[in-house]
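Peer 1: one predicted model, sequence on top.
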Amino acid sequence: MHELVISARFQRAFRRAIGKNPALQIPIEQTLLRMAEDLNDPQLKTHHLSGQLAGLHASSAGYDCRNVFAKQKHPKSGKEVLLLINIGTHGEVY
């Protein structure tokens with residue numbers, strides 16, 4: 001199980017996405033729970049990013065909703081945590 005760390009940027013983007021389309025809240029929350037449980041779940045369509053976002057990863061939270069995150073080691077426990085960086089449409093996050 002991964003710990004999810006939410007950045008301020010992710011929080012703002014999440015509120016903006018929900019404001020535009022309130023129906024996205026439940027699918028996004030389910031995606032985040034799925035990420036915490038099993039990052040390799042095929043429904044997430046997790047993949048590495050390249051270019052300016054090289055070193056980061058993305059997953060799908062619906063038809064046109066992407067979640068950008070980084071895998072990092074927790075400084076105290078050494079466990080892998082997922083730093084949630086951004087969320088939005090394909091055009092907004094890439």
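Peer 2: Arrived safely, thanks for sending.
Peer 1: so which residue is smack in the middle of the chain?
Peer 2: N67 (3.3 Å; CA atoms, centre = their mean).
Peer 1: just the element for the most far-flung residue of the chain relative to its centre, please.
Peer 2: Centroid-distance maximum for the chain: K76 at 22.7 Å, with CA atoms, centre = their mean. According to DSSP states H and E, K76 maps onto no helix or strand at all.
Peer 1: that one and T46, how far apart?
Peer 2: Distance of K76 to T46, given as CB to CB, to the nearest Å: 26 Å. Where you see a C-beta, it was placed from the backbone N, CA and C, and this is true even at glycine.
Peer 1: in contact with V5: list those residues for me.
Peer 2: Q72, V81, L82, L83, L84 (CB atoms under 8 Å, 6 or more residues apart in numbering).
Peer 1: any idea how far the third one lies from P75?
Peer 2: Applying CB to CB, the value for L82 to P75 is 15 Å.
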